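Visitor: Build me a structure from this.
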Amino acid sequence: MSRRLKSFFICEAVALLIWLVIPGTAIERMFFSLTAKTFSRSEHLISGNGTETKPFVLNTMRASPPAITTKLPAYIAIGDDPEKVFQTSPPSPVDFAVILKNLRRMGRDSVAIGMPLSWADPDVISLAALDQQLDAFPSAITSAPLSRNAVSTPIPPAFRRASVPLFSIKGDASLLPVVNRIPIPDVVLGNKSSLAGFTTLESEETTDLPHLLARWDDRAVLSFHLLATLQHFHVPPHAITIRPGEWISLSADGPFIPIDRFGRLTVRPPDLSATGIPAENLIDAPDDFLAGSPRDPILIRNGLTASDPAAVRFSETLVPTFAMLTGPEGTSQTRLFPRPPWYAELLLIASVLSLLYGFGNYPCLSGKRPLALLGGGLLILHFMVVPATSTWLPSLPLLACTLTAIACTASPAPPKPATPAKMKTPAKKAAKKSPRKRKRR
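Guide: Predicted structure coming up:
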């Protein structure tokens, strides 16, 4: 077997081996990350593993609010009740129990109550009725504002169930706001399995960027927005990954929620005018009244005009924030990079192998320099074609076989130094040119 044919078979074996082994490995992920940096100037995250079933996904963090084009989530508005349908305004514990019972009658399995359930001197029977209806939901989220005081109180069970330990946070959690109490007395948070998230942080300034995290002792408690989002995607709190200053990941493949070092959402919620369902309309509504509202959970929002400014601000941004976090637009733009079909990748590899073998037919292309130029050209084409077509090419096998061809190419033998001709001395030259004169006698 000739040296040229042997080199070809070695290059072919290397290309096929890399093509079979490299997909899904950390090496290819690093190569995709390097490729993404050449055309994505914004902060981005990579999900997927580059295989045919789980292709790479580039998640670019948004810097501005997305345009919500899908149907907004349904929510129940607790208003001033001008028709006096309920016992009191705001609704009493019995009134809330009636609202929850009707939601269960309409087939709802998850509810998120975005206003504190607290009353002055409620009777025990009405509270028991409310607890019973809360426990009837397979998934329920309650809420309360949080604050900071010189005297700390233990974390309520509902908040603890919806929290994550600080040691599980990837990065520095020292800048997260510190809380240690609920400023509202005797707030109802649920008994068995309900989760609780905070609405506002009284020790922090109210801005357009809501807080999603806060520190309570050795735990990180979650906001009501974030808990409702987790409930929508059926993700338990302990399954999320938190990186302060970067993002909150609901799973290895997203969705990703960008946050700053203080646990605030970095994307301002969009300005949306959503019309809710008045709570009193649920009393006589048919069982299929909410059939056209598929997005879970069903939100209950505070629409009382006599609420304090912080509660009003939270209530106004609740639905837009939830719509942004759960909608397909999300807080990041996703771009999929699927692989070509396997036969197309093999044809591409075979084409490059044929090109490498054909270089040997031309003396001017059979050296290492032309092969190195070919490898550089393949690399340039990779960085041009991948962002233009959103397709992940088998460039690593192509580069591997090209480098192997360079390694197998024999360096040209150095020319043998020419044997120098015997040099004649000047004396001999002169003797030949001018013969000796004979002496005269």
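
Visitor: Surely Leu72 forms part of a strand?
Guide: No. Looking at Leu72 with DSSP: H, G, I helix; E, B strand; the rest coil, it is coil, so not inside a strand.

Visitor: For Thr266, see how far away the residue nearest the centre of the chain is.
Guide: Residue closest to the average C-alpha location in the chain (C-alpha atoms, centre = their mean): Phe256, at 3.4 Å. Distance of Phe256 to Thr266, given as C-beta to C-beta, to the nearest Å: 11 Å. Just so you know, the C-beta spots here come from the backbone N, C-alpha and C atoms, and that holds for glycine as well.

Visitor: One more: Ile259?
Guide: Ile259 is 6 Å from Thr266, by C-beta to C-beta.

Visitor: The two: which is more packed in?
Guide: Neighbours were counted for Ile259 and for Thr266 using other C-beta atoms under 10 Å; Ile259 has more, 25 against 17.

Visitor: quick revisit: wouldn't the residue nearest to the centre of the chain be in contact with Thr334 here?
Guide: No. Using C-beta atoms under 8 Å, Phe256 is not in contact with Thr334; the gap is 9.2 Å.

Visitor: Show me whatever sits in contact with both of the two.
Guide: Common neighbours of Phe256 and Thr334, counting by C-beta atoms under 8 Å, 6 or more residues apart in numbering, are Asn59.

Visitor: Can you give the domain ranges for the chain?
Guide: For the chain, automatic domain parsing gives the domain ranges 3-23+31-39+338-408, 75-330.

Visitor: Compile the ones you listed into JSON lines and extend it with columns for distance to Arg62 and mean pLDDT.
Guide: Formatted as JSON lines, these follow (distance: least, C-beta to C-beta, whole Å; pLDDT from 0 to 100):
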{"stretch": "domain 3-23+31-39+338-408", "distance to Arg62": "16", "mean pLDDT": "86"}
{"stretch": "domain 75-330", "distance to Arg62": "5", "mean pLDDT": "88"}
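
Visitor: Would you format those as TSV with distance to Met61 included?
Guide: Listed next are those as TSV, based on distance: least, C-beta to C-beta, whole Å:
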stretch	distance to Met61
domain 3-23+31-39+338-408	13
domain 75-330	5
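
Visitor: which of the ones you listed sits most buried?
Guide: The highest mean neighbour count among these, using mean count of other C-beta atoms under 10 Å, belongs to domain 75-330: a mean of 18.

Visitor: Okay, helices next: where are they in the chain?
Guide: Taking DSSP state H, the helices of the chain run over residues 3-21, 26-39, 93-105, 124-136, 157-161, 224-233, 309-326, 342-359, 368-389, 395-408, 426-433.

Visitor: rewinding a little: shared neighbours, Phe256 and Thr266?
Guide: Here Phe256 and Thr266 have Met61 as joint contacts, going by C-beta under 8 Å, 6+ apart.

Visitor: that older thread, between the domains of the chain, which gets nearest to Phe56?
Guide: Minimum separation from Phe56 across these (C-beta to C-beta) falls at domain 3-23+31-39+338-408, 5.2 Å.

Visitor: Check the separation of the first and last residues in the closest one.
Guide: The straight-line separation of the ends of domain 3-23+31-39+338-408 (C-alpha to C-alpha, to the nearest Å) is 9 Å.

Visitor: distance between stretch 66-83 and the chain's centre?
Guide: Relative to its parent chain, stretch 66-83 has a centroid offset of 28 Å by C-alpha atoms, centre = their mean, to the nearest Å.

Visitor: who touches that stretch?
Guide: So stretch 66-83 is contacted by 89-91, 99, 103, 115, 267, 270, 272, 274, 276-280, 282, 290, 293, 295, 298-306, 318-320, 322-324, 326-331 (C-beta under 8 Å, 6+ apart).

Visitor: what about dumping the CA coordinates of that stretch to PDB?
Guide: Extracted C-alpha coordinates of stretch 66-83, given in PDB (Å, rounded to 0.1, in the frame of the first residue of the first chain):
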ATOM      1  CA  PRO A  66     -41.000  41.500  24.800                       C
ATOM      2  CA  ALA A  67     -44.100  42.100  22.700                       C
ATOM      3  CA  ILE A  68     -46.800  39.800  24.200                       C
ATOM      4  CA  THR A  69     -48.700  38.300  21.200                       C
ATOM      5  CA  THR A  70     -50.400  35.400  22.900                       C
ATOM      6  CA  LYS A  71     -53.600  35.400  24.900                       C
ATOM      7  CA  LEU A  72     -53.100  36.800  28.300                       C
ATOM      8  CA  PRO A  73     -53.700  34.600  31.400                       C
ATOM      9  CA  ALA A  74     -57.100  34.700  33.000                       C
ATOM     10  CA  TYR A  75     -57.300  36.200  36.500                       C
ATOM     11  CA  ILE A  76     -59.900  36.900  39.100                       C
ATOM     12  CA  ALA A  77     -60.100  40.500  40.300                       C
ATOM     13  CA  ILE A  78     -61.200  41.200  43.900                       C
ATOM     14  CA  GLY A  79     -62.900  44.600  43.500                       C
ATOM     15  CA  ASP A  80     -64.900  46.900  45.600                       C
ATOM     16  CA  ASP A  81     -68.100  44.800  45.100                       C
ATOM     17  CA  PRO A  82     -70.600  47.600  44.400                       C
ATOM     18  CA  GLU A  83     -73.500  45.100  44.100                       C
END
